[in-house]
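*Asks:* need coordinates for the below:
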Amino acid sequence: MRKNPIDYGLFGTIALCAPLFSILWLVGCNGQTEAQQAAQAPEVAVVVIQPQRVELSTELPGRTSPYRIAEIRPQVSGIVQKRLFQEGADVKAGQLLYQIDSAPFQVAYESARASLAKAQANLPSLKLKAERYKELLAEDAVSRQDYDDAAASLEQSRAEVEYWKAAVEAARINLGYTRVAAPISGRIGKSSVTDGALVTAYQPAPLAVIQQLDPIYVDVTQSSAELLRLRRSMESGRLSPNGETSKRVRLLLEDGTPYPQEGALQFRDVTVDPTTGSFTLRIVVPNQRNLLLPGMFLRAVVQEGVMEQAILAPQQGIIRTPKGEPVAWVVDESGKVQQRPLTLNRTIGNTWLVSSGLSAGDRVIVEGMLNVRPGTSVKAVPLSPPKETAAAQPSAN
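*Replies:* So this is what the prediction gives:
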C-alpha cells in the first residue's frame, strides 16, 4: 500500500525544525538565568582605601608634681614668737615666715663683737713691743728669748683677732636664722607649728612646705617596649619625626576635658624601672590659673611622628573571626568578594590604622556584609555620606 506523500512532507518538516526549536529554547533559558543572576546580585556599599598623611600620637597616664619644692626647717633652736603668713597663700622669695626668739642670739652676737674689740685693742701694743725688742736685739740690749716671746705674743694676738672675727660672723648668721624666710616663690601649705612652739635646728619635720606651681611638671610613664617599637619604625622609614611639633604635648584632665594649654616635653628618663618595665617622661606645663595641683592624675597625648602613607580603614568595615582575628571583606576587580586577614595598629578617630592586609585602591565593604560570602558576586556602590553631615556642610561654610 502506498503512503501519502503529503504525510511524509509534514513529518519531515517537523523533524527538521525540532532541533532548531530546542536551540532557541535553550538560548532563551540561559539568557533569562543570567539576567536573573545579575538582578539577584546583592548591593554593598564600599569605601576605597587611599593612603593618607597621619600624625601619630600616644596617650600616656601621669601625675603632676611641683616645679620646685622647698621644705622650711629652722636652722637654729628656739621658741617661735610669731607665724607671719597665711596658710595656703602665695608667698614671695625672701618673705618672712616665722620669727624665732632672737634674744639669746643677739647676746651671743654682742659678746663676740666685744671679744673682737678686746683682741684688736691688745694688738697695737704687742706690735710696738715686738718692734722695740727687734731694735734692741740688734744692739744686744735684750736677749733672743725676750724677742721671740714678744713676736709670738704678737702673732697670737693677731690669730685671736681673726678668731673673734669668725665668731662675730657666726653669731651674726645665727641671729639672722631667727628670721625664717621663704627660699622660693610659690604656694605655702599648712604650718606644723604655732606661736610659742619649740623648734630645733634641722629638725626632721618641716615647719611648712612651699611649692612652685607655675609652671608645673607632669610625669608620665611609657613602656620600654613601646620605645623600641618607635625606634624600629623610625629606622625603617615608616615613621618620620615631626620636628618641633613632637615636643608639644596635649593634656586631658581627670574628667576627660582637654587642658587649655599645651605642654612641652622636657626630657626622657635614662633609667627603666625594673618592676614595671617603664620609664618616665617629664613635661613642663604652664599653670597661671593654678588649675593643676600636685598629685593630680592626667593623660598626656604625646606626639610620636608622622606616617606619610598610612592605610586607614573604617571601623565598621572590620569584623572579627570566631578566633578574634580581624578581617575585611574586599570587592575585587571582577566584582567578587574576598576575605582579607588584617594586622591592626591602633584606632584613629573612627578608623583603624592597618599595618598589613590592605593596600591603596582596595574596595572595603562597609554596608551589606550580612548578605555576602567569599566568592559572591556583588554590586559595589560608593558609601553615601550621612544626610546630617551633608546638610550640615553648607551651614559650616
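
*Asks:* quick one, grab the pLDDT at residue 285.
*Replies:* We have a pLDDT of 94 for residue 285.

*Asks:* that one touches residue 219, doesn't it?
*Replies:* No - at 11.0 Å, residue 285 does not count as touching residue 219 under the criterion of CB atoms under 8 Å. Backbone N, C-alpha and C define where each C-beta goes, glycine included.

*Asks:* so the two - more neighbours on which side?
*Replies:* residue 285 (22 against 15; other CB atoms under 10 Å).

*Asks:* okay, and residue 105 sits in which element?
*Replies:* Assigned by DSSP states H and E, residue 105 belongs to helix 103-138.

*Asks:* common neighbours of residue 285 and residue 219, please.
*Replies:* The overlap between the contact sets of residue 285 and residue 219 (CB atoms under 8 Å, 6 or more residues apart in numbering) consists of residue 64.

*Asks:* now do the buried residues in the helix holding residue 105.
*Replies:* If you call a residue buried by 16 or more other CB atoms under 10 Å, then helix 103-138 has these buried ones: 104-105, 108-109, 112-113, 115-116, 119, 126, 129-130, 133, 137.

*Asks:* next: stretch 189-205.
*Replies:* For stretch 189-205, by 16+ other CB under 10 Å, it's 191, 193, 199.

*Asks:* please enumerate the helices of the stretch 1-150 of the chain.
*Replies:* Listed in chain order, the helices found in the stretch 1-150 of the chain under DSSP state H, counting those that start in this stretch are 5-40, 103-138, 144-177.

*Asks:* and if you look at the stretch 151-300 of the chain?
*Replies:* Secondary structure of the stretch 151-300 of the chain (DSSP H, counting those that start in this stretch): helices at 224-236.

*Asks:* where does it dip in pLDDT?
*Replies:* Along the stretch 151-300 of the chain, the parts satisfying pLDDT under 70 run over 233-246.

*Asks:* kindly recompute the last result at 50.
*Replies:* Residue ranges of the stretch 151-300 of the chain with pLDDT under 50: none are present.

*Asks:* what's the average pLDDT for the helix holding residue 105?
*Replies:* Helix 103-138 comes out with an average pLDDT of 90.

*Asks:* repeat for stretch 345-354
*Replies:* For stretch 345-354, the mean per-residue pLDDT is 88.

*Asks:* extract the CA atoms of it and return them as PDB.
*Replies:* The C-alpha coordinates for stretch 345-354 follow below in PDB (Å, rounded to 0.1, in the frame of the first residue of the first chain):
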ATOM      1  CA  ASN A 345      47.900  49.000  64.800                       C
ATOM      2  CA  ARG A 346      45.500  51.400  66.600                       C
ATOM      3  CA  THR A 347      42.300  53.400  66.300                       C
ATOM      4  CA  ILE A 348      42.500  56.900  64.900                       C
ATOM      5  CA  GLY A 349      39.100  58.600  65.300                       C
ATOM      6  CA  ASN A 350      36.500  56.200  63.600                       C
ATOM      7  CA  THR A 351      39.100  54.300  61.600                       C
ATOM      8  CA  TRP A 352      41.700  51.600  62.100                       C
ATOM      9  CA  LEU A 353      45.400  52.100  61.200                       C
ATOM     10  CA  VAL A 354      46.200  49.000  59.200                       C
END
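
*Asks:* hmm, who's touching it?
*Replies:* Applying CB under 8 Å, 6+ apart, the contact partners of stretch 345-354 are 54, 56, 307, 310-315, 318, 326, 342-344, 355.

*Asks:* what lines up beside the longest strand anywhere in the chain in the sheet?
*Replies:* Using DSSP state E, we find that the single longest strand of the chain is strand 52-72. With DSSP bridges as the test, strand 52-72 is paired with strand 208-223 (antiparallel), strand 297-310 (antiparallel).
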